[in-house]
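Asks: Quick one, what's the 3D model for this:
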Amino acid sequence: MGARAQYVVVENGVWQRYYSHWAANRVVDDLMPGPVAATRCFRANQEIDEWLDDVWCEGAALVDHDRRVLLWFAFAECWADHRAARALLARTWPGWDVRFAHDGMGDLTHHLGLGRDLTRGAGWFETFEPSGFAATECTEPCSVASLRLPDGSVRAWGSDWETIEHLAAGPGLIAPLVASPATPALTDMPYGGVHFDPQARTVSLWAVQTVAGIYDWPLPGWENWTLDFRGDDHTHQAGLLPADFLFPHPPVAPALRRLGGALGTPPPDNGELLARAAAVPGPEGTAAVVNPAGLVPHEPADLVPAELAALRTAIDALVAEAGAD
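Replies: The predicted model follows:
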């Protein structure tokens, strides 16, 4: 149990790893004050000498002071939250190359020259034969799948699958796609999308989440196909969608305000809650066992007044700009 995060700091040619059992949902909070405060936060947490793997690491960041590169990933509650985080980090990390780590831990280890497979076990990418397609009647799907038909027209469907699952299904997914009924028009932005063009043998993909393995192309089954990976940019697929199935554009200002509302709020002490829960006798005399790491609270950056004021100014400016769009 937990929301494990790994942080890496590179400085003067040396890199160090840090761990927090509860920080995966706070990666953006820890990064948004800028490189100095973020580094101070990381170093306030537990230094470790191992890597978390792609299964257990739910959020991470690498701060390379030597090359002025920030790599990070974390789960966003919605598309607008991801866009707000990207906009704020671009403002508070001026002069830095700020990148979302779509390959998860693979991007971090690759940056350090350790390859992309260090945190992945054998058979980590599991393919499957699609017997159908996970279309959804929900207007807020996980992703959108679109397909160019032989006559040149494009159809699109809301999907319950994560974006990478469409690639795990292989080109065999195209026939079930064609046979799928229409799904409702969207009322909110999905987390990603994939577009198939069988005539051009091209698959295009975007996501505001990690899509681990995306740089290992061709993935199994996609030999002789070209991947057009768009990062978190949805606009290419947006330009292909039929007129009755368009991406909505939710406002980013509320997400920015939520980030601002969290300023100065310490993270909850989940360890204390776990300790109390573990003290309650279990059924038939059983006792709960708590991971010791779960009892260690996350240490956030202790912002000085000037850092806090600068961050509030940056958020207020972005909210004003977003409201003017």
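Asks: what's the neighbour count on the residue nearest to Ile164 when sequence neighbours are not counted?
Replies: Once flanking residues are discounted, Ile164 sits nearest to Val211: 4.6 Å by Cβ to Cβ, 6 or more residues apart in numbering. C-betas here are computed from N, CA, C, even on glycine. The criterion is other Cβ atoms under 10 Å. On that basis, Val211 has 21 neighbouring residues.
Asks: can you check Asp160 too?
Replies: 15.
Asks: pLDDT score for it?
Replies: With respect to pLDDT, Asp160 has a value of 95.
Asks: now do Thr286
Replies: Per-residue pLDDT puts Thr286 at 67.
Asks: And for Leu71?
Replies: 98.
Asks: before we move on, what about Pro266?
Replies: Pro266 is given a pLDDT of 66.
Asks: And the residue nearest to Ile164, how far from Ser20?
Replies: 24 Å (Cβ to Cβ, to the nearest Å).
Asks: do Met105 as well
Replies: For Met105, the distance to Ser20 - Cβ to Cβ - is 15 Å.
Asks: now Gly106
Replies: 20 Å.
Asks: One more: Ser143?
Replies: Where Ser20 is concerned, Ser143 sits at a distance of 29 Å (Cβ to Cβ).
Asks: Which of these two has more residues huddled nearby?
Replies: More crowded of Ser143 and Ser20, by other Cβ under 10 Å: Ser20, with 28 against 25.
Asks: any idea of the pLDDT on the more buried one?
Replies: The model's pLDDT for Ser20 equals 94.
Asks: That one and Asn45 touch, don't they?
Replies: Yes: the pair Ser20 and Asn45 passes the contact test of Cβ atoms under 8 Å, sitting 4.7 Å apart.
Asks: which residues do those two both contact?
Replies: 7, 298-299 (Cβ atoms under 8 Å, 6 or more residues apart in numbering).
Asks: per-domain residue ranges of the protein.
Replies: Split into domains by automatic domain parsing, the chain comes to 5-122+261-324, 143-238.
Asks: okay, these in CSV with distance to Glu129 next?
Replies: Below are the domains of the chain laid out as CSV (distance: least, Cβ to Cβ, whole Å):
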stretch, distance to Glu129
domain 5-122+261-324, 21
domain 143-238, 6
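Asks: Phe247 is nearest to which of these?
Replies: domain 143-238 (5.0 Å; Cβ to Cβ).
Asks: Quick check: end-to-end length of the closest one?
Replies: Domain 143-238 has its terminal residues 13 Å apart, counting by Cα to Cα, to the nearest Å.
Asks: got the contact list for the nearest residue to Asn25 once chain neighbours are set aside?
Replies: Of all residues not flanking Asn25 in the chain, Ala3 sits nearest, at 5.1 Å (Cβ to Cβ, 6+ apart). For Ala3, the contact set (Cβ under 8 Å, 6+ apart) comprises 21-25, 58-59.
Asks: mind checking how far the helix or strand that contains Glu321 is from the chain centre?
Replies: Assigned by DSSP states H and E, Glu321 belongs to helix 305-324. Averaging C-alpha positions (Cα atoms, centre = their mean, to the nearest Å) puts helix 305-324 23 Å from its chain's average.
Asks: and the gap between the residue nearest the centre of the chain and Phe100?
Replies: Against the mean C-alpha coordinate of the chain, by Cα atoms, centre = their mean, the closest residue is Gln209 at 3.2 Å. Look at Gln209 and Phe100: by Cβ to Cβ, they are 9 Å apart.
Asks: And Pro242, by the same measure?
Replies: Applying Cβ to Cβ to Pro242 and Phe100 gives a distance of 29 Å.
Asks: show me where the stretch 101-250 of the chain has strands.
Replies: Ranges of strands within the stretch 101-250 of the chain are 143-148, 154-159, 192-197, 202-207, 226-229, based on DSSP state E, counting those that start in this stretch.
Asks: Run through the stretch 201-325 of the chain and note the low-pLDDT ranges.
Replies: 264-295, 324-325 (pLDDT under 70).
Asks: And the helices in the stretch 201-325 of the chain?
Replies: 235-238, 253-261, 270-278, 305-324 (DSSP state H, counting those that start in this stretch).
Asks: my guess is Asp233 meets Ser204, correct?
Replies: No: at 10.4 Å, Asp233 does not count as touching Ser204 under the criterion of Cβ under 8 Å.
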